[in-house]
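1. Just need the structure, nothing else, for what follows:
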Amino acid sequence: MSIDMSQFHAVFIEECQEHHNEMEQLLMGLDVGSPDAEQLNSIFRAAHSIKGGSGIFGFEALIAVTHVMENLFDLARKGQYSLQLHVIERLLQAVDALRLEVGNYADGITPDAVVVRDTTQML
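-> Predicted coordinates:
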C-alpha cells in the first residue's frame, strides 16, 4: 500500500504560510529590550515546525534557513543572545525568503540556492 503524499504536501504548504504569518507578527511585536519568553517560544516552535515538516518532504532549502533561525531563537530563549533591532529586521527578511522558497516548492520550482545561501549567511 502506498501513501499519496500530495495531500500532505498541500497541508504542509498551508501550515508553512500560517507559521510565516505568525513569525512575522510576533517578530514585529517583539520588545527587543525585554522580549517576552512566550513570544520567543512561539517563534521558535514555528521555525521548528517548518523545519520538521521540511525534513519529511526533503525540502533542504527550508531546512537550511529554519535551522539557523531555530538556533538564534533557542539562544535568545536561554538569554544567551540579544535580539537587537537589526537582527529582527534580518529575521523578517528570512521569513520573506522562506515564503519565496515555500512558494517554489508549492509550484514545483527548484529552490533558489542563492537566496538560501545569502539568507543563512545573513543570519
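
2. Quick one: low-confidence residue ranges for this protein.
-> 1-5 (pLDDT under 70).

3. can you map out the helices along it?
-> In the chain, the helices defined using DSSP state H lie at 6-29, 37-57, 60-77, 85-106, 113-122.

4. Check those helices for me and report the most buried one.
-> Across the helices of the chain, the average number of neighbours (mean count of other CB atoms under 10 Å) peaks for helix 60-77, which reaches a mean of 20. Backbone N, C-alpha and C define where each C-beta goes, glycine included.

5. what's that one packed up against?
-> Under the contact criterion of 3 or more CB pairs under 8 Å, 6 or more residues apart in numbering; DSSP states H and E, helix 60-77 touches helix 37-57, helix 85-106, helix 113-122.

6. Make JSON lines from those and add distance to residue 15 to it.
-> As requested, these are arranged in JSON lines below (distance: least, CB to CB, whole Å):
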{"stretch": "helix 37-57", "distance to residue 15": "7"}
{"stretch": "helix 85-106", "distance to residue 15": "10"}
{"stretch": "helix 113-122", "distance to residue 15": "20"}
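
7. So which of those helices is nearest residue 29?
-> Residue 29 lies closest to helix 37-57 among the helices and strands packed on helix 60-77, at 7.2 Å (CB to CB).

8. Against residue 25, how distant is residue 120?
-> Counting by CB to CB, to the nearest Å, the gap from residue 120 to residue 25 is 23 Å.

9. Actually, residue 76.
-> Distance of residue 76 to residue 25, computed by CB to CB: 17 Å.

10. Likewise for residue 50?
-> Counting by CB to CB, the gap from residue 50 to residue 25 is 15 Å.

11. Between the helices and strands packed on helix 60-77, which one is closest to residue 64.
-> Nearest of the helices and strands packed on helix 60-77 to residue 64, taken as CB to CB: helix 113-122 at 5.4 Å.

12. chain center to the closest one: distance?
-> How far helix 113-122 lies from its chain's middle: 13 Å, per CA atoms, centre = their mean, to the nearest Å.

13. With stretch 80-99 instead?
-> 10 Å.
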